[in-house]
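*Asks:* Next come a sequence and a model predicted from it.
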Amino acid sequence: MGRQKQFFRLSAAEHQEVQHYLQQEQLVRRQINRAQMLLDWHAGYSATETAQRLTMTEGRVYALRRAYQRQGLTSYLNTHPQGGAPTKLTPTVEAALLALLSRRNADSARYWTLRQLANYLVEKGHAKSICPVTVGKALQRLQTLLVSSSDSGNEVAQPSYSGEHN
């Protein structure tokens, strides 16, 4: 059983305010999606269609609709992102991982789990603590660097990493 269709209309002044808001140059994707979600809702798009168009989940579309209903147009459009914990994936951590991956000694041929890599980064003082999942994200980003540097003729050791959490 799906959700009931929510009928919604922006007034002419509100529609114009959203259009004007979208013309600002310094908007980030989050702000554009919030405004575009309102225009889609006004145009009669379903939450599923909006989710597909804006590459977000259907649940996120419903959450944005509820936020609009709670806050009103001006507050909704000018809401600042809520902060979370700062990332532990600092340039220092990425540099340490890249250095480890680039080594040409017997260690680099060893298979490391993400947990072992996280422990290594903590033991060496590159981070106070770091989650193996965060290390995995760093490795995904660094993978492109490793591939591009090996394509350009620089030999880089590429050990295999498993996603195990030992």
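*Replies:* Received it, and whenever you're ready, just let me know what you need. Only a predicted model underlies this, so the values are computations on that prediction, with no experimental measurement involved.
*Asks:* which residues in the protein form strands?
*Replies:* For the chain, the strands identified by DSSP state E occupy 112-113, 161-162, in order along the chain.
*Asks:* per-stretch mean pLDDT over those, give me the minimum one.
*Replies:* Summarising mean pLDDT across the strands of the chain, the least confident stretch is strand 161-162, with a mean of 42.
*Asks:* where are the low-confidence patches of this protein?
*Replies:* When residues are selected by pLDDT under 70, those of the chain lie in 1-6, 104-110, 144-166.
*Asks:* now the residue lying closest to E14 once chain neighbours are set aside: how far from V18?
*Replies:* In this structure, E14 finds its nearest non-sequential neighbour in L73, 5.4 Å apart by CB to CB, 6 or more residues apart in numbering. In this view, the C-beta of every residue, glycine as well, is placed from N, C-alpha and C. To V18, L73 is 7 Å away according to CB to CB, to the nearest Å.
*Asks:* Then N33?
*Replies:* Noted for N33: a distance of 12 Å to V18, by CB to CB.
*Asks:* where do the helices sit along this structure?
*Replies:* Here the chain has its helices, by DSSP state H, at 12-22, 29-42, 47-54, 58-71, 73-77, 91-102, 114-123, 132-151.
*Asks:* Kindly reformat these as CSV and extend each row with mean neighbour count and distance to G83.
*Replies:* Written out in CSV, the entries for the helices of the chain read as follows (neighbours: other CB atoms under 10 Å; distance: least, CB to CB, whole Å):
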stretch, mean neighbour count, distance to G83
helix 12-22, 14, 23
helix 29-42, 18, 13
helix 47-54, 17, 23
helix 58-71, 15, 17
helix 73-77, 15, 18
helix 91-102, 16, 20
helix 114-123, 18, 24
helix 132-151, 15, 18
